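Undergrad: got a predicted structure here, sequence first:
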Amino acid sequence: EVQLRESGGGSVDSGGSLRLSCVASGYTVTNCMGWFRQAPGKEREVVATFEKDFSETYADSVKGRFTISQDITRNTMYLQMNNLRPEDTARYYCAADLGRGGFCSGIYDYWGQGTQVTVSS
């Protein structure tokens, strides 16, 4: 059974930092994975992803502040979040795309339960 488990969320002041972790079991952390977030009353949005060639993509709103990374020895994906803003407040999810035809499909097959991030001004 595949499980993705996020941790590291919390409450911080504006300008603070957090590092989210996503530990995988039953699945090997690799490319075609990403971080998403959903704020109350808003649609889920992509935050950062690893593409098939392990290139990183970021939402414009987090570029220069967030960094996605992996530690394959720990089978864990991370999201380092610096200079946090109140608009970053959301529940953050990690997800894995099994890929289709040898490429990342953009269809995420596995999701974690999420971790809450709250940034106060």
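TA: Perfect, I can see it now. Given the structure is predicted, the values throughout are model-derived calculations rather than measurements. Residues are numbered from 1 along each chain as shown.

Undergrad: list the buried residues in stretch 91-108.
TA: If you call a residue buried by 16 or more other CB atoms under 10 Å, then stretch 91-108 has these buried ones: 91-97, 99, 104, 108. Backbone N, C-alpha and C define where each C-beta goes, glycine included.

Undergrad: can you flag which of these belong to strands?
TA: Taking DSSP state E, the ones among these that sit in strands are 91-96.

Undergrad: nearest to Gly15 among those?
TA: Among those, Tyr92 lies closest to Gly15 (CB to CB), at 18.3 Å.

Undergrad: the closest one against Phe36, yeah?
TA: Yes. Between Tyr92 and Phe36 there is a contact under CB atoms under 8 Å: 7.1 Å.

Undergrad: what is in contact with the two at once?
TA: Shared contacts of Tyr92 and Phe36, defined by CB atoms under 8 Å, 6 or more residues apart in numbering, are found at Val47.

Undergrad: now do Phe54, the pLDDT please.
TA: Note on Phe54: pLDDT of 93.

Undergrad: repeat that for Gly102.
TA: If you check Gly102, the pLDDT there is 84.

Undergrad: now it: closest residue in space, sequence neighbours ignored.
TA: Residue nearest to Gly102 in three dimensions, not counting chain neighbours: Lys52, with 7.8 Å by CB to CB, 6 or more residues apart in numbering.

Undergrad: cool, Arg37 as well?
TA: Leaving aside its sequence neighbours, Arg37 sits nearest to Ala90 (CB to CB, 6+ apart; 3.8 Å).

Undergrad: contact partners for that neighbour?
TA: Listed by CB under 8 Å, 6+ apart, the contact set of Ala90 reads 37-39, 42, 116-117.

Undergrad: distance of the residue of the chain positioned farthest from its centre from Thr28?
TA: Distance from the C-alpha centroid of the chain peaks at Gly101, with 23.8 Å (CA atoms, centre = their mean). According to CB to CB, to the nearest Å, Gly101 stands 19 Å off from Thr28.

Undergrad: do the same with Gln3
TA: Noted for Gln3: a distance of 13 Å to Thr28, by CB to CB.

Undergrad: cheers, nothing more for now.
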